[in-house]
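> Compute the structure for the input listed below.
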Amino acid sequence: MVVPKISMRYFANTVAIIKGGDRQLSFIKIRKYNNKYFCVKDSGIYELDDQYEYRYFKTGVYFYNFNNSKPLSLSGMQEVDEKLQDVGDSILFNKERHIENMQAMHPGVETDPLQMPPDRTEEMSPDTKRFLQDYQTDDEFGKTNLMVNVHMQKKSVPVLSTPLIPMGVNKGDYAIIQIAHRRLDIVPMTIHNDQAYTPYGVFEVTRDNQYMVKRQVISFFVISDKADKAANKIPKKAQKVMGKMVKKKRWGRLKTFSQPQKKHYKEPPTEKKAQPKNISLSAEKTLQQFKADDPAIFKTTVKELHASKIAVAEKLSDPLKKVVPIALIFGGVMGLMIVMSNAPMVIDKIAEVMGITPPKVVYLTPNEAREAGLDVSSLPLAPDNEVSREEWCKANPKECRIQGEALLEKRNTMSRAMFGMEYDSLTTLQQDEVTAALDAGTPGTVQGTETMTQQGADNVPPIMVLPEDITEESDTRGAVIVRYTAYATDNSDIPVETVCEPKSGSIFELGNTMVKCTAIDASGNATMGEFMVTVTGEPGELSFIPDIPTP
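Predicted coordinates for the structure are as follows:
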């Protein structure tokens, strides 16, 4: 296998470069699942973070170490290596994790008086600090969702990322160089002793930081982290000269490519710039205390959960142990709310199965209660939230009128049943007195006719005042809006609401329309009346386009 330079440039969408055991590299074509992870058959599950994605032409590239699931930052690794070399340390000390581990093992221990190594992360750039913070922090929410959703999949890991198919032949060593912010270039490299000769110049190499793809040597360098402009290669003539000198193995003269040239021989010697060194991807060394979950352990946990079909809290991360009780409590509360909201329907169903008929609530007016033989004075009062008949009639004028007609017809029927055809020969005033006497419930006489009266009861129906029959001329719509005034008075001071249908302000079409009005006082005495509205004219047609004379 060779470096898949052509495949990465033209065919691959996203590539992961993973440092394996014994300094071996593997190039993996990433196939994402759950929009957050990808899985390699041999090493495990890795996370994706776009913040650490590099670009090689149109290909996205991620760097990983096989024993850590998080992506690496080349510039961050370079700064960590340089800092450790300057101070002489071998491992970057993680103070926060060290204190957390001590408090977990010995609760209540005071860490302030303890003598700890200095925290070198405070001396680094903000980008490197952010990289180290992301490197040690697990995305517990994403991992928990992945593990819980494992049971709904056919396989524990439905998609595997396979090695990238290489193109070309093995023609020497290569250098992967960061030439700008998150931009890479892959160029040929020739190594002699501790020098690496590339089209971007000469670099210093360390054997421990060299990696292998089969027999091919790969090194990583950072020469620029600027976002505005990428580093340039040395001139083509210089590249050709370097190539010829490499073929002839003139290593002594090749060193001049790493030294700045003087513009004139009389100028004083310039200071030699430090050569960039190759970068180590070994997280098991410098970033040992910053490492997150091992990708192989993560993959094993997912497989166990899928095989058992049981999401065991101990198998998940610590935050899930806190989430599960909360989720159970909220689930129980929601279940109780659902049961309570359906309780009336459940009770009715149980009563239906057991043959129990639920009681029906019927509201009666005082007059209807007397007719049913009930003592009106002993009946309980309606609750405060009950709607009065007057308010109900305002909200439902049509139903109120129909109910008033039925009540009036019922009284007339009872009067005819008691007095026979003589009731029809009475005047309207005498009929009203008979009806009022029936409502009162005490014996009395009305012009020689035996009836029922009650001393002190409101048995006088309201007096309705209606307009005379109305005649209007239609407008261009073949109809017209008619407004009228109808009201009723009562012997008491309580106002009487008059309800008419159609109501005033309605549109009346051509022809005759009967307007029926009903007035009912607080004692249930009703008066009905009607008048005619006649609309004359011809059906009209609206025309808003004026006649335009033809030329």
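> ok, the residue nearest to Thr518 when sequence neighbours are not counted - contacts?
Excluding the flanking residues, the one nearest Thr518 by CB to CB, 6 or more residues apart in numbering is Gly404, at 3.9 Å. Quick note: C-beta positions are derived from backbone N, CA and C, even for glycine. By CB atoms under 8 Å, 6 or more residues apart in numbering, Gly404 lies in contact with 518, 520, 526, 528.
> Which two among the residues you listed are spaced furthest apart?
Ile520 and Met528 (9.4 Å; CB to CB).
> who has more neighbours, these two?
Counted by other CB atoms under 10 Å, Ile520 and Met528 do not tie: Ile520 has more neighbours, with 28 against 17.
> what about the residue nearest to that one when sequence neighbours are not counted, how many neighbours?
Closest residue to Ile520 apart from its sequence neighbours, by CB to CB, 6+ apart: Ala526 at 4.5 Å. Neighbour count of Ala526, defined by other CB under 10 Å: 22.
> now Ala526: how far from Thr206?
Separation of Ala526 from Thr206 (CB to CB, to the nearest Å): 108 Å.
> Same check on Pro107?
According to CB to CB, Pro107 stands 43 Å off from Thr206.
> which one of these two has more residues nearby?
Set side by side, Pro107 and Thr206 show more neighbours around Thr206, with 13 against 7, by other CB under 10 Å.
> Wait, that one touches Asn278, no?
Yes. At 6.1 Å, Thr206 counts as touching Asn278 under the criterion of CB atoms under 8 Å.
> shared neighbours, these two?
Counting by CB under 8 Å, 6+ apart, Thr206 and Asn278 have no contacts in common.
> where are the low-confidence patches of the stretch 351-500 of the chain?
Along the stretch 351-500 of the chain, the model assigns pLDDT under 70 to residues 351-368, 370-372, 376-390, 407-408, 410-458, 492-495.
> again, only using 80
351-460, 476-478, 490-496 (pLDDT under 80).
> re earlier: as TSV, the contacts of Gly404 with distance to Ile470 and pLDDT would be great.
Output for the contacts of Gly404, formatted as TSV (distance: CB to CB, whole Å; pLDDT from 0 to 100):
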residue	distance to Ile470	pLDDT
Thr518	19	86
Ile520	24	81
Ala526	24	81
Met528	18	85
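> Restricted to strands, list these.
The strands, defined by DSSP state E, take in 518, 520, 526, 528 from the contacts of Gly404.
> Now distance to Lys154 too, for those, in JSON lines please.
JSON lines is the format used below for those (distance: CB to CB, whole Å):
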{"residue": "Thr518", "distance to Lys154": "72"}
{"residue": "Ile520", "distance to Lys154": "73"}
{"residue": "Ala526", "distance to Lys154": "75"}
{"residue": "Met528", "distance to Lys154": "76"}
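> tell me which element Val533 is part of?
strand 526-536 (DSSP states H and E).
> Which strands or helices does that strand pack on?
With contacts taken as 3 or more CB pairs under 8 Å, 6 or more residues apart in numbering; DSSP states H and E, strand 526-536 sits against helix 397-419, strand 463-465, strand 470-473, strand 479-482, strand 506-509, strand 511-520.
> Out of these, which is closest to Val3?
Across those, Val3 has its closest neighbour in strand 506-509 (85.7 Å, CB to CB).
> thinking again about what came up before, got a list of contacts for the strand holding Val533?
So strand 526-536 is contacted by 404-405, 407-408, 461-464, 466-474, 479-480, 482, 484, 486, 488, 508-520 (CB under 8 Å, 6+ apart).
> That one pairs with which strands?
Its sheet considered, strand 526-536 pairs with strand 470-473 (parallel), strand 511-520 (antiparallel) by DSSP bridges.
> Mind listing the residues bridging to Met464?
Going by DSSP bridges, Met464 forms beta bridges with Ala488.
> So it is in contact with Lys516, correct?
No. Between Met464 and Lys516 there is no contact, the gap being 11.2 Å when judged by CB under 8 Å.
> sorry, back to before: quickly note the distance from the residue nearest to Thr518 to Ala486.
14 Å.
> try Ala292
84 Å.
> again with Ser219
101 Å.
> Pop the domain breakdown of this protein in here.
5-289, 389-536 (automatic domain parsing).
> Could you dump the ones you listed into CSV with distance to Ala307 added?
Below are the domains of the chain laid out as CSV (distance: least, CB to CB, whole Å):
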stretch, distance to Ala307
domain 5-289, 7
domain 389-536, 65
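> Mean pLDDT lowest where, among these?
Per-stretch mean pLDDT for those is lowest at domain 389-536 (a mean of 71).
> isn't there a helix covering Leu184?
No. Looking at Leu184 with DSSP: H, G, I helix; E, B strand; the rest coil, it is strand, so not inside a helix.
> partner residues bridging it?
Gln178.
> Can you get me a residue count around it?
20.
> list the contacts for it?
Here Leu184 is in contact with 54-56, 61, 176-178 (CB under 8 Å, 6+ apart).
> and those as CSV, adding neighbour count?
Shown next, in CSV, are the contacts of Leu184 (neighbours: other CB atoms under 10 Å):
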residue, neighbour count
Tyr54, 21
Arg55, 13
Tyr56, 17
Val61, 23
Ile176, 25
Ile177, 27
Gln178, 24
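> list the buried ones in stretch 97-115?
Neighbour-count burial for stretch 97-115, counted by 16 or more other CB atoms under 10 Å, picks out His98.
> now what about that stretch, what contacts it?
By CB under 8 Å, 6+ apart, stretch 97-115 touches 116, 136, 289-290.
> Same list (those residues) but as a markdown table, adding secondary structure.
What follows is the contacts of stretch 97-115, written out as a markdown table (three-state DSSP):
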| residue | secondary structure |
| --- | --- |
| Met116 | coil |
| Gln136 | helix |
| Gln289 | helix |
| Phe290 | helix |
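> Check the residues you listed and tell me the two furthest apart.
Met116 and Gln136 (16.9 Å).
> okay, those two: which has more neighbours?
Remark: of Met116 and Gln136, Gln136 carries more neighbours, 17 against 11, as counted by other CB under 10 Å.
> Please determine how far that one is located from Asp127.
In terms of CB to CB, Gln136 sits 16 Å off from Asp127.
> go on, Ala488?
Between Ala488 and Asp127 the distance is 86 Å, computed by CB to CB.
> ok, those two, which is more surrounded?
Ala488 (23 against 14).
> Looks like that one contacts Val499 (just checking).
No. Between Ala488 and Val499 there is no contact under CB under 8 Å: 9.9 Å.
> what residues are shared contacts of these two?
Common contacts of Ala488 and Val499 (CB under 8 Å, 6+ apart): Ala519.
> could you give the mean pLDDT of whatever helix or strand Gly332 lives in?
For Gly332, the host element (DSSP H and E) is helix 318-341. Confidence for helix 318-341, expressed as mean pLDDT, is 64.
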